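# structure for the following, please:
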Amino acid sequence: QDPVVTWPSDVTVNVDSGCTATNVDLGTPIATDNCDAPAAINYTKSPSSTDFEVGVTNVYWEARDTRGNYVYHTQTVTVTDNIDPVIDCPATTYYREYRNIYTNYYSVIGSEFTPSVSDNCEITSYTNDLTGSGYINGFQLTLGNNPITWTAVDGNPGTPNETTCVVNVTVVDSFVPIID
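Now for the predicted structure:
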């Protein structure tokens, strides 16, 4: 006769660091058998590791008695990334001036107002509110204050983590007034 097993419950944990939850406590099955003592029941699981990446992993258990009778169980381990992306947001306001008498704007050069971003797992989206993309090179900032909101989103399954940062840029006129 097959062993009668009380299996451990499904597990939900957060990452430790990086994209992994380490040393996850999966619990211990408890079995009874009509012929063997509980200590004589052999348990195996696959994967054998207790470290799990972000997402859902199935752990396949087997309980086998000394006579070769066995039962199987699938336990679900869900690892969630609860760590927000980090944007290196500048605390100061940038000042730029336009230097062409035929324009009244400043053209962004390269990535000068794009703060660096990082995440413990992965960034799936990094956009600004001016262009809706990750680039603002060539964008024309008008005279006055020009806040640029950057949004970083990570790849946490189900509910991604999100961080925003506002980069302040003030465009000023660099020309001396001409009096006729």
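# out of the helices and strands in the chain, which is least certain?
Every helix and strand in the chain was compared by mean pLDDT, DSSP states H and E; the lowest is strand 30-32, with a mean of 87.
# now that strand: how far from the chain's centre is it?
In this view, strand 30-32 has its centroid 39 Å away from the chain centroid, taken as Cα atoms, centre = their mean, to the nearest Å.
# which residues outside the next helix or strand along the chain from it are in contact with it?
Downstream of strand 30-32, the next assigned helix or strand under DSSP states H and E is strand 42-46. For strand 42-46, the surrounding residues in contact (Cβ atoms under 8 Å, 6 or more residues apart in numbering) are Leu26, Thr28, Pro29, Ala31, Val59, Tyr60, Trp61, Glu62, Ala63, Arg64, Asp65, Gln75. In short, each C-beta sits where N, CA and C put it, glycine included.
# going through those, which ones are buried?
Buried by 16 or more other Cβ atoms under 10 Å: Leu26, Pro29, Ala31, Val59, Trp61, Ala63, Arg64, Asp65, Gln75, out of the contacts of strand 42-46.
# closest to Tyr102 out of those?
Closest to Tyr102 out of these is Val59 (68.1 Å), distances taken as Cβ to Cβ.
# re the thing from before, just curious, which of the contacts of strand 42-46 is nearest to Glu122?
Using Cβ to Cβ, Val59 is the member of the contacts of strand 42-46 that sits closest to Glu122, with 24.2 Å.
# for that closest one, which non-adjacent residue is spatially closest?
In this structure, Val59 finds its nearest non-sequential neighbour in Gln75, 4.4 Å apart by Cβ to Cβ, 6 or more residues apart in numbering.
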